[in-house]
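> fold the following, please.
(4 chains)
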Protein chains: 2
Amino acid sequence: MPDRSTYAAAEADSITSALDVIGDRWSLLVLRGVFRGLHRFGELRDDLGIASNLLTTRLCRLVDAGVLEKVPYQERPVRHEYRLTAAGRDLSPVLVALMQWGDVHRNQDGPRTTLVHTDCNAPIENLNRCTDCGASIDAHEIRSAESVRPEDT
Amino acid sequence: MPDRSTYAAAEADSITSALDVIGDRWSLLVLRGVFRGLHRFGELRDDLGIASNLLTTRLCRLVDAGVLEKVPYQERPVRHEYRLTAAGRDLSPVLVALMQWGDVHRNQDGPRTTLVHTDCNAPIENLNRCTDCGASIDAHEIRSAESVRPEDT
DNA sequence: ATCAGTCAGTTGCATTTTGCAACCAACCCT
DNA sequence: AGGGTTGGTTGCAAAATGCAACTGACTGAT
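Numbering: from 1, shown residues only, chains lettered A, B, ... in the order given. The predicted model follows:
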């Protein structure tokens, strides 16, 4: 019988609903482009190499989800660009966590990515942290609030 | 002309290669299951509602990628279960970041997820942190090490 | 020794999503 | 009038996914 008490039965819905928005092959790459400063249709299409019909559907989906917003940058003809909303900016930990994992585990021969804090010029890391003791937390120090015993994993 | 100087041109390869492993509809959900303590084929299939042919291909891919490993739990017939490798455990920030985002932005009426630190019983958060000053970092305080100016986003 | 049941898949086929290339519409500039 | 730029749409082929039925290796009960 499975031990579902550890590491959150409840997380199901949050992760699933997050993946409903960004859980396909392109959405996170589109968002990465916007984070990097690409805001227009053609910029994103050329940078990602995505087919334009797919970019259209992805941008619409992300706008509908409240992650991006269309803002006009000219009239006649009306042209829009795509910018992050607050919800979109809140996805930065996801991108940084993915990037960090890829750096360490998948891209060992390629160039290391270095994102830095604008204030300090020091590298950024992504981690899980305890809101009480402030310690950074490894996978096996996590459990769901409902459970009592940690699991060996 | 796009301003690609901000937020990392170099991150492309790391994020893309990470998404090569976990960038489809099911892989992260499979990993979430394993984090939750589901280690066997049937447990994962029943919990996720995934078709068994897809679960087969996902598990094989994750094993090939070094994220999961097959360990035999019985002989006659040989049966394996799937466990996280160190690389797999290192994906926990990605799952926690996604979960946290889903909690805040997608799942506002559903039950809140509460993952806690085993030592403290206090909730866990995921964030980007400066390795120098230790401050948690918001999206617009990030830039690529190659660039000089931050961008307005 | 046969029979039902479990577990971990495999196979075949329908449906959905993605990828590619060509085309379109509004506008500008010469 | 003709060409260029931007931001798409359309049609069709290819690939991924979903569903349901089936298999193979075993166990344990009759």
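> and the least confident helix or strand in chain A by mean pLDDT, what other elements does it pack with?
Every helix and strand of chain A was ranked by mean pLDDT, DSSP states H and E. The lowest is helix A:11-22, at a mean of 85. The contact analysis (3 or more CB pairs under 8 Å, 6 or more residues apart in numbering or on different chains; DSSP states H and E) places helix A:11-22 against helix A:27-35, helix A:52-64, helix B:27-35, helix B:92-105. The C-beta positions use only the backbone N, C-alpha and C, and glycine is treated the same way.
> mean pLDDT, distance to B:Asp13 and mean neighbour count added to these, as a markdown table?
As requested, the helices and strands packed on helix A:11-22 are exported to a markdown table (pLDDT from 0 to 100; distance: least, CB to CB, whole Å; neighbours: other CB atoms under 10 Å in any protein chain shown):
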| stretch | mean pLDDT | distance to B:Asp13 | mean neighbour count |
| --- | --- | --- | --- |
| helix A:27-35 | 97 | 11 | 24 |
| helix A:52-64 | 98 | 21 | 15 |
| helix B:27-35 | 97 | 19 | 24 |
| helix B:92-105 | 95 | 17 | 25 |
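> now render the ones you listed as CSV, adding distance to B:Thr16.
Output for the helices and strands packed on helix A:11-22, formatted as CSV (distance: least, CB to CB, whole Å):
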stretch, distance to B:Thr16
helix A:27-35, 7
helix A:52-64, 16
helix B:27-35, 15
helix B:92-105, 15
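> return the residues of chain A in contact with DNA strand C.
Neighbours of DNA strand C within chain A, by CB under 7 Å from any atom of the strand: A:Asp24, A:Arg25, A:Trp26, A:Gly49, A:Ile50, A:Ala51, A:Ser52, A:Asn53, A:Leu54, A:Thr57, A:Arg76, A:Pro77.
> and chain B, which of the residues you listed contact it?
A:Asp24, A:Arg25 (CB under 8 Å from any CB of the partner chain).
> pretty sure A:Trp101 contacts B:Leu91?
Yes - with contact defined as CB atoms under 8 Å, A:Trp101 counts as touching B:Leu91 (5.9 Å).
> for A:Gln74, name its beta-bridge partners.
A:Arg79 (DSSP bridges).
> so how far is A:His80 from it?
9 Å (CB to CB, to the nearest Å).
> do the same with A:Cys120
Distance, A:Cys120 to A:His80, using CB to CB: 35 Å.
> quick one: the least confident helix or strand of chain A near DNA strand D?
No - interface with DNA strand D: helix A:11-22 contributes nothing (CB under 7 Å from any atom of the strand), its closest point being 11.4 Å away.
> tell me which residues in that helix are buried?
Buried residues in helix A:11-22, counted by 16 or more other CB atoms under 10 Å in any protein chain shown: A:Glu11, A:Ala12, A:Asp13, A:Ser14, A:Ile15, A:Thr16, A:Ser17, A:Ala18, A:Leu19, A:Val21, A:Ile22.
> and it, how far out from the chain middle?
12 Å (CA atoms, centre = their mean, to the nearest Å).
> over to stretch A:34-54?
On CA atoms, centre = their mean, the centre of stretch A:34-54 falls 17 Å from that of its chain.
> CA atoms only: put it into PDB for me.
Taking Å, rounded to 0.1, in the frame of the first residue of the first chain, the C-alpha atoms of stretch A:34-54 are listed here in PDB:
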ATOM      1  CA  VAL A  34       9.900  37.500 -22.500                       C
ATOM      2  CA  PHE A  35      12.000  37.500 -19.300                       C
ATOM      3  CA  ARG A  36      15.000  38.000 -21.500                       C
ATOM      4  CA  GLY A  37      13.500  41.100 -23.100                       C
ATOM      5  CA  LEU A  38      11.800  39.700 -26.200                       C
ATOM      6  CA  HIS A  39       8.400  41.200 -26.300                       C
ATOM      7  CA  ARG A  40       7.200  41.100 -29.800                       C
ATOM      8  CA  PHE A  41       5.800  38.300 -31.900                       C
ATOM      9  CA  GLY A  42       8.500  38.300 -34.500                       C
ATOM     10  CA  GLU A  43      11.300  38.500 -31.900                       C
ATOM     11  CA  LEU A  44      10.000  35.500 -30.000                       C
ATOM     12  CA  ARG A  45       9.400  33.500 -33.200                       C
ATOM     13  CA  ASP A  46      12.900  34.200 -34.500                       C
ATOM     14  CA  ASP A  47      14.600  33.600 -31.200                       C
ATOM     15  CA  LEU A  48      12.800  30.300 -30.400                       C
ATOM     16  CA  GLY A  49      12.400  28.900 -33.800                       C
ATOM     17  CA  ILE A  50       8.800  28.200 -33.000                       C
ATOM     18  CA  ALA A  51       6.200  27.900 -35.800                       C
ATOM     19  CA  SER A  52       4.100  31.000 -35.900                       C
ATOM     20  CA  ASN A  53       0.800  29.200 -35.400                       C
ATOM     21  CA  LEU A  54       2.000  27.600 -32.200                       C
END
